[in-house]
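Asks: Make a model of this:
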Amino acid sequence: MTFYRANLCVALLLAAALFSGCKDKDAIKVYRVSKGERESLAPQTSEPARGGMGALPPMAAPGAPSARPSQVTGTAPANWEAQPLTPMRQASFLVKGDDGATADISLVALAGTAGGVLDNVNRWLSQLGQPAITAEQLANTAQHVGSAFGDVTVVDLAGLPEGADAAKDGRIVAGIASGEGKTYFFKMRGNAALVESQKDGFIRWIGTVRASESAPSHP
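Replies: Residues are numbered from 1 along each chain as shown. Coordinates of the predicted model:
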C-alpha cells in the first residue's frame, strides 16, 4: 500500500510539471517580421518634405507684400510715402501736405525714344489744360540735371484743368532722360504749392536713381 501511494504521488507530480510546461510554452508567441514590415512600422513625422517632387512650396506670411521688385534704386525724401509698383512704374511715391493736399511721384521707363522730349512736354501741358509750346520755348525754360541715365531735361509746368481738384492737381515738375535704348520719365504732379515745396527734393532724388544690380538685363 505504501509503495502504491508513493508511485501515485510521483505520477501526480510529473503530470503537474508537464501541465505547467505546456501552459508556459503556449504563452510564448514568436513573430517573424520582414524587412519591409519593419520599415513601415517606423515612426512617422508630421514635418512636410523640404524639397523634391511633391514638396509643398513655402507659404507667404499673411499680409506679406506682393508688389513686384523695382528695377531701380534711389534715395527719396523721408516724407515721401512709397506706393506699390505697377508693370509701368519703376518707382512710386505719395507726398501729403496741409488741408488734404497731395502729390504723386513716379518713374516710368519705356523702350526707345517714346515720342521725344517736346511731344511729351506738350502732352503734360495738355493734361493741365495749357497750350503747346515750341522747341525754342522749351529750350528757354527747361533746366538740365545729371543722372545715372544721362542728361535729364526738367520742366516745371502749371495749370489747373477745368473741374480738377486743386488739392491734388495744378502743377507738374517732370524730367526726361534717354539712354541704353530706353526713355526714363520722372514726374511729380499734384497741388501747386505742395509740388513747389517738394521740387528741390525731387531734383535731388533724380540724381540718386540708378539701375538696380539685381534687375534682369533683358526685362
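
Asks: Quick check: which ranges of this protein have low pLDDT?
Replies: In the predicted model of the chain, residues 1-70, 213-219 satisfy pLDDT under 70.

Asks: Could I get the full set of strands for it?
Replies: Listed in chain order, the strands of the chain (DSSP state E) span residues 72-73, 81-82, 89-96, 102-111, 143-145, 152-158, 170-179, 182-191, 210-211.

Asks: Mind giving me the packing neighbours of the first one?
Replies: Using 3 or more C-beta pairs under 8 Å, 6 or more residues apart in numbering; DSSP states H and E as the contact criterion, the elements in contact with strand 72-73 are strand 210-211. Where C-beta positions appear, they are placed from N, C-alpha and C, glycine not excepted.

Asks: Each with direction, which strands does the strand it packs on pair with?
Replies: Partners of strand 210-211 in the sheet, by DSSP bridges, are strand 72-73 (antiparallel).

Asks: re the thing from before, could you dump the strands of the chain to JSON lines with mean neighbour count and distance to residue 132?
Replies: Formatted as JSON lines, the entries for the strands of the chain read as follows, by neighbours: other C-beta atoms under 10 Å; distance: least, C-beta to C-beta, whole Å:
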{"stretch": "strand 72-73", "mean neighbour count": "16", "distance to residue 132": "30"}
{"stretch": "strand 81-82", "mean neighbour count": "13", "distance to residue 132": "33"}
{"stretch": "strand 89-96", "mean neighbour count": "20", "distance to residue 132": "26"}
{"stretch": "strand 102-111", "mean neighbour count": "19", "distance to residue 132": "21"}
{"stretch": "strand 143-145", "mean neighbour count": "13", "distance to residue 132": "20"}
{"stretch": "strand 152-158", "mean neighbour count": "19", "distance to residue 132": "11"}
{"stretch": "strand 170-179", "mean neighbour count": "22", "distance to residue 132": "14"}
{"stretch": "strand 182-191", "mean neighbour count": "22", "distance to residue 132": "18"}
{"stretch": "strand 210-211", "mean neighbour count": "14", "distance to residue 132": "32"}
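
Asks: Take those and lay them out in CSV including distance to residue 202.
Replies: As requested, the strands of the chain are exported to CSV (distance: least, C-beta to C-beta, whole Å):
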stretch, distance to residue 202
strand 72-73, 15
strand 81-82, 14
strand 89-96, 9
strand 102-111, 7
strand 143-145, 10
strand 152-158, 9
strand 170-179, 6
strand 182-191, 5
strand 210-211, 16
